[in-house]
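Student: structure for the following, please:
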Amino acid sequence: MALHISATNPEHPALLLELPWHLPLEDWPEEYLVPLPRGISRHVVRYARAGDEVIAVKELAERPALREYELLRDLDRLGIPAVDALGVVTGRTDKADEPLEPVLITRHLGGSMPYRSMLETTMRPATMHRLMDALAVLLVRLHLAGFAWGDCSLSNTLFRRDAGAYAAYLVDAETGELHARLSPGQRDYDLDLARVNISGELLDLEASGALHPSVDPIEFGQEICARYSGLWKELTRVSVYPAGKYHYIERRIRRLNDLGFDVAEMQIDHSSNGDTVTFVPKVVDAGHHQRQLLRLTGLDTEENQARRLLTDLESWMATQDDYAPGDPLAARPEVLAHRWVRDVFRPTVRAVPLELRGAMDPAEIYHQLLEHRWYLSERAQHDIGLDTAVQDYAARILPKARETLESPEHE
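Tutor: Numbers count the residues shown, from 1 in each chain. Prediction:
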């Protein structure tokens, strides 16, 4: 059988051909290997050089190798934190022409370490709690995408710093299954497997003397379940608010942002008597909003500005159900977004006197006005509306900000 390399990048096969595929992984010479920490695995895994890349190479049967390769590519398309699949090598034989197992190749995640390796350093409990929080967030993100991991463990998860926070990445998808949606039973089963695996590995580290003496392996395994449950509830629960209390929706979105999630869109349903509003958020990872706002409105903003403006746009859209009844085109998101820019965004920005705007661009002005409206609404316990917010902001906030900027100590 001829050696065959399936790769995501056309440049990779040429680089990969330089590696000693005629040798079992456990016999690869040191000159090809990169000494990096690894978790425990049922398969032989090695880190190697391929040009300027560091790759992880794992030996396993052809069918699971191809399946994991496709699953990792699916997770990449879904924006899930996981290692990048680079290729699969099949048709390997040794010098005696005896078959060797195929290999799955992934890109090493720069600056990362397996969770197990991190915990082998007698880590302080406070840091361990943060690591478990990051792992719980990863599980929630996987389940929201319909992915049942089936083998979450400290060895199958990579840790990396992410803008000052802790981030967890999936490194082994061999046992995973991707569905349109996971049932509660599937999620509970996956979570219970994670609890057992994590407690088991912590007990192993405890026996070797590598675990901090104050850490209880069983309690830490249970902690990830509690953290997961709290996150899942906050992300998926349906909220019912009194009509007109739209600052409650804003408060909910802020909590989701604090948990590391962005709201891609909102499903807002009014009750038949008009007294309550039911709010169901749909969440995505960060980095979504600039593209979405530009596509809908043509406004090119920073990410935080885009997130805030899209939230306002979605809330406004929810109040436009009675516009042009019987005309399906009038209810299309891009049509409504154009109306929002024309009837809400631009008039609101223009209501702020030019001499008070300073160097703020229109998106930043609108963002600041929305923030001011939210604070005033929280204080008043009802939505005060944009007009009132603009008047108060222009009368009280902007003049003080301008005075501060023009004071001698700022010259």
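Student: please count neighbours and contacts with C-alpha atoms only from this point.
Tutor: Noted.
Student: does E234 touch L256 like I think?
Tutor: Yes - at 7.4 Å, E234 counts as touching L256 under the criterion of CA atoms under 8 Å.
Student: find residues that contact each of those two.
Tutor: Common contacts of E234 and L256 (CA atoms under 8 Å, 6 or more residues apart in numbering): none found.
Student: tally of neighbours for the nearest residue to V45 once chain neighbours are set aside?
Tutor: Leaving aside its chain neighbours, V45 sits nearest to K58 (4.5 Å; criterion: CA to CA, 6 or more residues apart in numbering). When counting by other CA atoms under 10 Å, one arrives at 21 neighbours for K58.
Student: in three-state terms, label K58 for me.
Tutor: Judged by DSSP: H, G, I helix; E, B strand; the rest coil, the three-state class of K58 is strand.
Student: enumerate the beta-bridge partners assigned to it.
Tutor: Under DSSP bridges, the beta-bridge partners of K58 are V45, L104.
Student: which residues touch it?
Tutor: So K58 contacts H43, V44, V45, R46, V103, L104, I105 (CA under 8 Å, 6+ apart).
Student: can you tell me how far the fourth one is from R107?
Tutor: Distance from R46 to R107, counting by CA to CA, to the nearest Å: 12 Å.
Student: export the contacts of K58 to JSON lines and tack on pLDDT, neighbour count and distance to R160?
Tutor: Shown next, in JSON lines, are the contacts of K58 (pLDDT from 0 to 100; neighbours: other CA atoms under 10 Å; distance: CA to CA, whole Å):
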{"residue": "H43", "pLDDT": "91", "neighbour count": "9", "distance to R160": "23"}
{"residue": "V44", "pLDDT": "93", "neighbour count": "14", "distance to R160": "23"}
{"residue": "V45", "pLDDT": "93", "neighbour count": "20", "distance to R160": "20"}
{"residue": "R46", "pLDDT": "93", "neighbour count": "21", "distance to R160": "20"}
{"residue": "V103", "pLDDT": "94", "neighbour count": "27", "distance to R160": "25"}
{"residue": "L104", "pLDDT": "95", "neighbour count": "25", "distance to R160": "22"}
{"residue": "I105", "pLDDT": "94", "neighbour count": "26", "distance to R160": "20"}
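Student: and of these, the nearest to E223?
Tutor: Comparing the contacts of K58 against E223 with CA to CA places H43 closest, at 28.9 Å.
Student: the closest one is in contact with L60, isn't it?
Tutor: Yes - contact criterion CA under 8 Å: H43 and L60 qualify, at 6.6 Å.
Student: at which residues are the helices of the stretch 101-250 of the chain located?
Tutor: 115-119, 125-144, 184-208, 217-236, 246-258 (DSSP state H, counting those that start in this stretch).
Student: could you list every helix and strand in contact with the last one?
Tutor: Other helices and strands packing on helix 246-258, by 3 or more CA pairs under 8 Å, 6 or more residues apart in numbering; DSSP states H and E, are strand 262-270, helix 362-380.
Student: averaged pLDDT, the shortest one. What do you get?
Tutor: So that's strand 262-270. On average, the pLDDT along strand 262-270 is 55.
Student: residues of the helix or strand S6 falls within that come out buried?
Tutor: Using DSSP states H and E, S6 sits within strand 4-7. Buried residues in strand 4-7, counted by 16 or more other CA atoms under 10 Å: I5, S6, A7.
Student: for the closest residue to A48 other than its chain neighbours, give me its contacts.
Tutor: Nearest non-adjacent residue to A48, counting by CA to CA, 6+ apart: L33, 4.3 Å away. Residues near L33 by CA under 8 Å, 6+ apart: R46, Y47, A48, R49.
Student: common neighbours of R46 and R107, please.
Tutor: Common contact partners of R46 and R107 (CA under 8 Å, 6+ apart): A56.
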